[in-house]
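**Student:** Structure of the sequence below:
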Amino acid sequence: MQKRIKCMKFPEGVEYDWKDDAGEYATRIWKWWKGRKDKFRANGLAVRLAVLVQLSSCSVERVFSQLELIRRRFVLVLVIISV
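**Tutor:** Next up, the predicted model:
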């Protein structure tokens, strides 16, 4: 976290809590979990699968955009046929 504070050039004298930094928070959780993954094997598999889940919804947005285009073309074809 100290490296991030220096890189981002935050004002000096302001105290930062690691819980407010998403990257630091995730790093600490991951380090905590790595030491305990063998103790909880089933949970370890679940955590690994959860970590692999894509955080971005870009692929979902792409599918909805494609469906919207298909719907618009279908409506246009129906209007042309009905005329």
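**Student:** State the distance from W30 to V47.
**Tutor:** Separation of W30 from V47 (CB to CB, to the nearest Å) stands at 9 Å. For glycine as for every other residue, the C-beta is placed from the backbone atoms N, C-alpha and C.
**Student:** quick one: which of these two has more around it?
**Tutor:** Each of W30 and V47 has its neighbours counted (other CB atoms under 10 Å); V47 has more, 17 against 11.
**Student:** Following the helix or strand of the chain with the lowest mean pLDDT in sequence, what is the next regular element?
**Tutor:** Least confident helix or strand, the chain: helix 2-8 with a mean of 59, by mean pLDDT, DSSP states H and E. With elements assigned by DSSP states H and E, the helix or strand that comes after helix 2-8 is helix 22-34.
**Student:** Flag the shaky bits of the chain, pLDDT-wise.
**Tutor:** Residues of the chain that meet the criterion pLDDT under 70 lie in 1-16, 18, 52-57, 83.
**Student:** In it, spot the helix with the most residues.
**Tutor:** Counting residues, the longest helix found in the chain (DSSP state H) is helix 58-82.
**Student:** any idea how far that one is from the chain center?
**Tutor:** Averaging C-alpha positions (CA atoms, centre = their mean, to the nearest Å) puts helix 58-82 27 Å from its chain's average.
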